[in-house]
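Visitor: attaching a predicted model along with its sequence, questions to come.
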Amino acid sequence: MIRALLIDDEPSAREGLIGKLKLFVPEVEVVGEAGGVAEALVSIDENTPDLLFLDINLAGETGFELLEKLESREEDVRPEVIFLTAHDEFALRAIKFSALDYLLKPVDPEDLVKAVRKYEERRGAGGRGGLSVLMENMRSGGEGPKRIVVPTYDGLHILKVSDIIRCESSSNYTYFHLKDAKPILASRTLKEYDLMLSGFNFERIHKSHLINMNYVKRYVPSDGGYMVMEDGSRIPVANRKKEQLLKMIKGM
């Protein structure tokens, strides 16, 4: 069984989630409920849950305030988190960078099952560190994310965003090519990382390639057009991207 604590300031929302958990993921046992940070801390100590279903907005407080109070605890005794939220672009991007899961309200049963399965996979692989990365990225504010958690076949890798030279699609997986390190194979699609990293000087210049513009050496127009990266790789540029990229390079 998975011992879960529900933290939401709306009793009706907690009641609705309890019903969906019982119906769709009965292996999740709800061991407690809380409507705010102080109440949640007491319930965590009393019930030692494995998993928190945590609303981001808690009537004048935030779920992140609770996580700050849990940061001082050893990682192996901290519960994992699935966030509950309405749309909050900055918070959701930080959550995605940390390889943690979220559910949009009202909670869709299919999404609920997927989130619980991902938690089980992460627990089985012994993956930790996502909460620490999340809090670091939240504190960075408008400066952008500092680190990203990348799930692989052998666990979770925590990477500095500034060390990512490029990402390359491999079917439903993504190769991360890094500065001063061997490539790693992430168990997520390039599309997901494109959505995460867009806006932080990463550009999808080809259907199979996402590059960090900070590592571009030059653009070569011959042979169909390609970018030369600092690691020596030559990355093809899609025709529809050439005009946009030339403008970007001239402005660098």
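Guide: Arrived safely.

Visitor: make it CA atoms for all contacts and neighbour counts henceforth
Guide: Will do.

Visitor: ok, for Y226, nearest residue in space, not its chain neighbours?
Guide: Nearest non-adjacent residue to Y226, counting by CA to CA, 6 or more residues apart in numbering: P236, 4.2 Å away.

Visitor: so who does that neighbour touch?
Guide: Going by CA atoms under 8 Å, 6 or more residues apart in numbering, P236 touches I205, H206, G224, G225, Y226, M227.

Visitor: surely the second one meets A238?
Guide: What that stands for is H206. Yes. With contact defined as CA atoms under 8 Å, H206 reaches A238; the gap is 5.0 Å.

Visitor: how far away is the residue nearest to Y226 from V37?
Guide: 50 Å (CA to CA, to the nearest Å).

Visitor: with S222 instead?
Guide: For S222 relative to V37 (CA to CA), the value is 59 Å.

Visitor: ok, now I44?
Guide: Distance from I44 to V37, by CA to CA: 10 Å.

Visitor: do the same with E243
Guide: 51 Å.

Visitor: okay, the two: which has more neighbours?
Guide: Higher neighbour count among E243 and V37: V37, with 21 against 9, using other CA atoms under 10 Å.

Visitor: ok, and the closest non-adjacent residue to the more buried one?
Guide: L66 (5.4 Å).

Visitor: for K179, same thing?
Guide: Nearest non-adjacent residue to K179, counting by CA to CA, 6+ apart: D163, 5.1 Å away.

Visitor: same deal with P145?
Guide: Leaving aside its sequence neighbours, P145 sits nearest to N137 (CA to CA, 6+ apart; 4.9 Å).
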